[in-house]
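Visitor: please find the sequence and the predicted model below.
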Amino acid sequence: MIAYRPVEAYHPVEQRFWKRILIVDDEKDITITFKAGIEDGNNHNDAKRRIEVYTYNNPVKALSEFKPNFYDLLLVDIKMPHMNGFELYEKILALDINVRVCFMSSGEINREALREIYPSLTVGCFIRKPVNIDYLVKRIMSELD
């Protein structure tokens with residue numbers, strides 16, 4: 001008797017992702033933890049809505065390698081060396097007007113002061129670190145829906 005293998009055994013099915021997230025934080029532990037938590041927390045629960053996560057620890061490098069119309073959501077730390085998160089977002093917005101952002105900070109966020117410094121900033125998503133991974137995944141999913 002001849003054993004037949006399914007077609008997928010010869011030609012693996014390409015992994016398709018529902019959304020792509022870019023995380024930019026100068027703390028490597030944060031990007032590693034968030035990437036693992038988002039991919040594990042969502043992708044095992046909902047195979048049809050798989051999320052692919054890209055990370056950078058240097059905002060200047062993230063900007064230089066940014067791919068317009070590729071990412072669905074940015075998670076950007078506010079306080080980073082060389083370029084803060086708001087400056088990074090303004091420069092990325094010039095490349096991709098449709099990308100959404102959630103800013104992250106371990107400190108208090110004074111939205112009124114931010115509006116004075118960055119009048120064009122119309123972002124409503126701020127995540128306070130440290131953050132529970134389950135909460136982070138839920139918040140990201142609500143931003144992506």
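Guide: That came in fine, so what should we check first?
Visitor: use CA for all of it now, contacts and neighbours both
Guide: OK.
Visitor: contacts only, for Tyr56.
Guide: By Cα atoms under 8 Å, 6 or more residues apart in numbering, the residues touching Tyr56 are Leu22, Ile23, Val24, Asp25, Asp26, Thr31, Ala62.
Visitor: so which of the residues you listed is the most crowded?
Guide: Within the contacts of Tyr56, most neighbours by other Cα atoms under 10 Å means Val24, with 29 neighbours.
Visitor: right, and it touches Asn57 too?
Guide: Yes. Taking Cα atoms under 8 Å as the definition, Val24 is a contact partner of Asn57 at 5.8 Å.
Visitor: could you point out the longest helix of this protein?
Guide: Longest helix in the chain, counting residues (DSSP state H): helix 28-43.
Visitor: got the CA coordinates for that one in CSV?
Guide: Taking Å, rounded to 0.1, in the frame of the first residue of the first chain, the C-alpha atoms of helix 28-43 are listed here in CSV:
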residue,chain,number,x,y,z
LYS,A,28,15.5,45.4,25.4
ASP,A,29,13.8,43.5,28.2
ILE,A,30,10.6,45.4,27.5
THR,A,31,10.6,44.6,23.8
ILE,A,32,11.4,40.9,24.3
THR,A,33,8.7,40.6,27.0
PHE,A,34,6.0,42.5,25.0
LYS,A,35,6.8,40.6,21.8
ALA,A,36,6.5,37.2,23.5
GLY,A,37,3.5,38.2,25.5
ILE,A,38,1.6,39.6,22.5
GLU,A,39,2.4,36.8,20.1
ASP,A,40,1.8,34.0,22.7
GLY,A,41,-1.2,35.7,24.4
ASN,A,42,-3.1,36.3,21.2
ASN,A,43,-1.8,33.8,18.6
